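> attaching a predicted model along with its sequence, questions to come.
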Amino acid sequence: MHLITPEIKELIGEKDYTALQDIMTELLPPDTAELLQSLEHEEAIELIRSIPPDRFSEIFSYLDNEYQILILQDLTVGRLKNILNDMPSDERADLFLKITPELKKQLFSVMSEEEKKDVEKLMQYKEKTAGALMTTEFAKVNPNMTIEEATNILRKTALKRETIYYIYATDDRDRLLGVFSLKDLIVAPADKTVSEIMNSNLIKVFLHDDQEKVANVFKKYDLLALPVVDNFDNIHGIITVDDIVDVIEKEDTEDFHKMAAVGAMSNAYLKTPFSMVAKKRIGWLLLLLITYTVSAQLLEHYSYALESVIALAFFIPMLSGSAGNAGTQSATLVIRGLATGEIKFQEIFYIMKREIFMGLTLGTILGALGFLRAYLMQGNPMLGLTIGYSLALVITIATFIGSILPLILHKTGIDPAISAGPFLTTILDITSILIYFQVAKVLLGLVQ
């Protein structure tokens, strides 16, 4: 793509629209969108003029939302109409949620009343719900139709539908009664009715279902599209698999941000203003800084122990680091299990038992190694025993906390992803220091 950019720039400068059009017809829409976003704004507008309106409508859907908004204001009324008519209804609603009231008014002025109502309807659904994800452009027929009649209807309407791989059978009130595939339609005899080939055992989601739940349904049943219904089984739209791929990417990105104690960002890192990135990060860092003062106070409280046995200070990083690592391992496994649906809250007691035994196993191995290291470094068997026993105890507790905390947060409706990373590490730092010095007091006979 970067290899042809200089050639494109040269042709734009020469206003050679014929040559530009020849090049544009050879590029796939995603590649053309990438090319447009690499050009200066004025150059991009010039290049758009060489692209046929129908083809540009397809290219437009591959542009980033921010770039779409940028160029919308410089397009002719004819191109605006083409784009808004051809955009899938869900993408069009997403776009309208991000634009200014002035631009919204401008776009509404070139849209039909039906399209405006469709946009306004989709915009009212809460973000990250099935209603917000769905498109209203789906294929539907009456179950009493013959296959021949249904085929004729689909021939006339297919171009305005996002997909016709699944066709939905509905009554006059749009109540969902069944579904059949395009393959079912093609192989069925023309005189059969839709009701004879449709599947009434429906897999569906509801308008206000969370997008993570929708993604899990897609994964479980290997679907290409999924109907969205209300409480009366009236179909309002469908969600297609390409929308779910975007959801999974966004959810995973959001989880990574939360696990690193960074607030979720709506845009890519390089496209997010510096001030916004700083704002997202500083809040968590301030909170973590405050909690770290607890660690400092604990060390001050146990200063008498450090004065009595200075070597105790050498092993604090090892204990707190091992606790953080073990806890993060457990938290990551549970968080991922919750995300994929493999783990349910009802299994909390089994997970508790499993992780306690896991902690004991790992703690015993690492505790033995810690004992050897401390003994060989200091030549003090009681110090070695203190380090070994503390490691075993700290890792057991760390795996327990790391596995249970995500489950509790998930149950209370809080994203469990925040329980991994710095947040969990800070908790375990405090816990490990407390355990370490209590063990040292007992085994080394330290008195305040």
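That came in fine, so what should we check first? Just so it is clear, the model here is predicted, and its values are computed rather than measured. Numbering: from 1, shown residues only.
> okay, now the sheet partners of the biggest strand by length in the chain, with direction.
The residue-count maximum for a strand in the chain (DSSP state E) belongs to strand 163-170. Next to strand 163-170 in the sheet, as set by DSSP bridges, lie strand 138-141 (parallel), strand 176-181 (antiparallel).
> quick one: the helices in the stretch 1-150 of the chain?
5-14, 17-26, 29-38, 41-48, 53-60, 65-72, 77-86, 89-98, 101-108, 113-123, 130-133, 147-157 (DSSP state H, counting those that start in this stretch).
> thought residue 80 was touching residue 107?
Yes - taking CB atoms under 8 Å as the definition, residue 80 is a contact partner of residue 107 at 6.7 Å. C-beta coordinates here come from the backbone N, C-alpha and C atoms, glycine included.
> the helix or strand hosting residue 284 - contacts with which helices or strands?
For residue 284, the element it lies in under DSSP states H and E is helix 274-301. The contact analysis (3 or more CB pairs under 8 Å, 6 or more residues apart in numbering; DSSP states H and E) places helix 274-301 against helix 422-444.
> so where's the chain uncertain?
For the chain, the stretches flagged by pLDDT under 70 are 1-3, 258-271, 419, 448.
> can you pull the domain assignment for it?
5-124, 133-240, 269-444 (automatic domain parsing).
> just put those domains in JSON lines and tack on mean neighbour count and distance to residue 249.
Shown next, in JSON lines, are the domains of the chain (neighbours: other CB atoms under 10 Å; distance: least, CB to CB, whole Å):
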{"stretch": "domain 5-124", "mean neighbour count": "16", "distance to residue 249": "14"}
{"stretch": "domain 133-240", "mean neighbour count": "17", "distance to residue 249": "11"}
{"stretch": "domain 269-444", "mean neighbour count": "18", "distance to residue 249": "13"}
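> could I get those domains as CSV with distance to residue 246?
What follows is the domains of the chain, written out as CSV (distance: least, CB to CB, whole Å):
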stretch, distance to residue 246
domain 5-124, 10
domain 133-240, 9
domain 269-444, 16
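> out of those, nearest to residue 247?
domain 133-240 (4.9 Å; CB to CB).
> and the closest one, how far from the chain's centre?
For domain 133-240, the gap between its own C-alpha mean and the chain's C-alpha mean amounts to 26 Å (CA atoms, centre = their mean, to the nearest Å).
> would you list the helices of the stretch 1-150 of the chain in JSON lines and tack on distance to residue 423?
Conversion of those to JSON lines gives the following (distance: least, CB to CB, whole Å):
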{"stretch": "helix 5-14", "distance to residue 423": "44"}
{"stretch": "helix 17-26", "distance to residue 423": "49"}
{"stretch": "helix 29-38", "distance to residue 423": "36"}
{"stretch": "helix 41-48", "distance to residue 423": "42"}
{"stretch": "helix 53-60", "distance to residue 423": "41"}
{"stretch": "helix 65-72", "distance to residue 423": "31"}
{"stretch": "helix 77-86", "distance to residue 423": "44"}
{"stretch": "helix 89-98", "distance to residue 423": "31"}
{"stretch": "helix 101-108", "distance to residue 423": "39"}
{"stretch": "helix 113-123", "distance to residue 423": "34"}
{"stretch": "helix 130-133", "distance to residue 423": "29"}
{"stretch": "helix 147-157", "distance to residue 423": "51"}
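> looking at the ones you listed, which is nearest to residue 211?
Among those, the nearest to residue 211 by CB to CB is helix 130-133 (6.0 Å).
> which residues are in contact with that closest one?
Helix 130-133 has contacts (CB atoms under 8 Å, 6 or more residues apart in numbering) with 90, 93, 122, 125-126, 205-211, 214, 228, 236-237, 239, 243-244, 247.
> now with 6 Å?
Contacts made with helix 130-133 from outside it, assessed by CB atoms under 6 Å, 6 or more residues apart in numbering, are listed as 125, 205, 207, 209, 211, 214, 228, 239, 243.
> so who does residue 150 touch?
So residue 150 contacts 141, 194 (CB under 6 Å, 6+ apart).
> now with 8 Å?
Counting by CB under 8 Å, 6+ apart, the residues that residue 150 touches are 141, 167, 185, 194.
> check contacts around the last one.
What that stands for is residue 194. By CB under 8 Å, 6+ apart, the contact list for residue 194 reads 141-147, 150, 169, 178, 180.
> and these, which two are the farthest apart?
Largest pairwise distance in these, by CB to CB, is 15.1 Å, between 146 and 178.
> now do the strand or helix carrying residue 394 and helix 422-444, the angle between them.
Per DSSP H and E, residue 394 falls inside helix 381-411. Calculated by axes from the mean of the first three to the mean of the last three CA atoms, to 10 degrees, helix 381-411 forms an angle of 150 degrees with helix 422-444.
> ok, now how distant is residue 314 from residue 439?
Shown here: residue 314 relative to residue 439, a distance of 15 Å by CB to CB, to the nearest Å.
> no no, residue 15
For residue 15, the distance to residue 439 equals 80 Å [CB to CB].
> can you tell me the closest non-neighbouring residue to the most centrally placed residue in the chain?
The residue lying closest to the centre of the chain (CA atoms, centre = their mean) is residue 251, at 1.2 Å. Leaving aside its chain neighbours, residue 251 sits nearest to residue 212 (6.2 Å; criterion: CB to CB, 6 or more residues apart in numbering).
> next up, phi/psi of the one you found, please.
Backbone torsions of residue 212, given as degrees, to the nearest 10, read phi -70, psi -40.
> for residue 337, same thing?
Dihedral pair for residue 337: phi -60, psi -40, per degrees, to the nearest 10.
> same check, this time on residue 239
The phi/psi pair for residue 239 (degrees, to the nearest 10) is phi -110, psi 130.
> surely it and residue 138 touch.
No - assessed by CB under 8 Å, residue 239 is found out of contact with residue 138, at 9.8 Å.
> common neighbours of those two, please.
Joint contacts of residue 239 and residue 138 (CB under 8 Å, 6+ apart) are residue 225.
> distance of residue 30 from residue 123?
Counting by CB to CB - residue 30 and residue 123 are separated by 27 Å.
> do the same with residue 67
Computed as CB to CB, the residue 67 to residue 123 distance reads 21 Å.
> now residue 98
Taken as CB to CB, the span from residue 98 to residue 123 is 11 Å.
> residue 321 now?
49 Å.
> next one: residue 287
Residue 287 is 34 Å from residue 123, where distance means CB to CB.
> residue 428 too?
44 Å.
> for residue 173, same thing?
Distance from residue 173 to residue 123, by CB to CB: 24 Å.
> do residue 328 as well
40 Å.
> residue 189 now?
44 Å.
> repeat for residue 152
From residue 152 across to residue 123, the span is 34 Å (CB to CB).
> ditto for residue 429
Applying CB to CB, the value for residue 429 to residue 123 is 45 Å.
> repeat for residue 181
With CB to CB as the criterion, residue 181 and residue 123 are 31 Å apart.
> with residue 133 instead?
Distance of residue 133 to residue 123, computed by CB to CB: 13 Å.
> coming back round to it: closest one to residue 72 out of the contacts of helix 130-133, please.
residue 243 (21.7 Å).
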